[in-house]
Structure formats: C-alpha cells, structure tokens
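[1] build me a model from this:
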Amino acid sequence: MKDLNHYVDIYKEQLDKGDIQEAYVGLVKYVTRLGTTLSKSLSEHYSFGSLLQGYMDYTYFYYTNDFLKKRKLKMGLVLNHSKMQFEIWLLGQTIPIQERYWEYFKSTKWNKHRTTRPQYSILETALIENPDFSDLEKLTRQIEDKLVLVTDEILKDIKQVSLTN
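    A predicted model of the protein is given here:
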C-alpha cells in the first residue's frame, strides 16, 4: 500500500495544473444555481435545503414535502462526482427508518441490482447519466423534468408501504 506522501504528491501535481479547481468550482456553482432554480419552480410541491458539498465525492441538496416529512423521509438531488452523473436518493431521518424502508425497496426496480442497502440512503437512482455541461439551461430543464417524474414514481411506491415510524 502506498503511503500518504505518494497521494499528496499526486494531489499537489493536479492542483498545480489548476483544472481540478476550475471544474470543482464550476460544478458547485452550477448545482447551487440548480437548487435555486428548482426551489422557485417547484416551490408548490417541495421545499429545498441548502447545498452540501461533501468531500469532492458528492454535491447535493435535500428536498421534501409534507408526505415525506410525516414518514421521516427526504429526497436528495446528488451530483455523484466519481460517476459524473446526477442521481436521486431516498433517505430516512435515521438508520432504523432507512432499514425499514430498505426492506420494502430492496425488492423493487429501484434496487434490482443491489444486494445490500446503499451506504447513505434507501435507494439511489441515476437521473442524468453523462450530463452535458455545455448548455446549462438545457441541462437544468432536463434535470427538472426527470426529477419530477422520478420523484413522483418513488412517492407512488412509498404509498404502497405501510410502515409505522
């Protein structure tokens, strides 16, 4: 196994080039604007939280409504940096809630390729694979349209679950 100095040297080389900083700042700014846009256009259906940046792994914000809150659930719109795709996650307020909903969702289409619960969520699904960042307005429209459709599908499935929290 390589020691930390090896990784720090590579990290510094990449930082010296400057491309990583430019890309990261651009992505975070875009997701911030996306959250603002969605909170305005979908305010009748969802309330949106602040941006969370993660550790260069995920940039995300939560969104929820009364239906989800009653069940101690929330949704996350996530930019997965390693896969460079936008995802929707269903999350529980606590691990026990996530485990209870996982029991239902593990046998649904949302988790058909999984054998274990995701680390941070009940389900994770790709929303936009290979996003095109050259036209941010178009990308925002695509994300909004798909977010509404996928979230509605997930909410429909949650309505099938009769769990008490």
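[2] centroid residue for the protein?
    What sits nearest the mean C-alpha location of the chain, by CA atoms, centre = their mean, is residue 78, with 2.2 Å.
[3] give the pairing partners of whichever helix or strand it is part of; include direction for each.
    Here residue 78, judged by DSSP states H and E, is contained in strand 73-80. Partners of strand 73-80 in the sheet, by DSSP bridges, are strand 58-64 (antiparallel), strand 85-92 (antiparallel).
[4] per-residue confidence averaged over stretch 104-111?
    Stretch 104-111 shows a mean pLDDT of 92.
[5] repeat that for stretch 118-125.
    The average pLDDT for stretch 118-125 rounds to 94.
[6] between the two ends of it, what distance do you get?
    End-to-end span of stretch 118-125 (CA to CA, to the nearest Å): 11 Å.
[7] list the buried residues of it.
    For stretch 118-125, a neighbour-count test (16 or more other CB atoms under 10 Å) marks 121, 122, 123, 124 as buried. Every C-beta, even on glycine, is put in place using the N, C-alpha and C of the backbone.
[8] brilliant, that's me finished.
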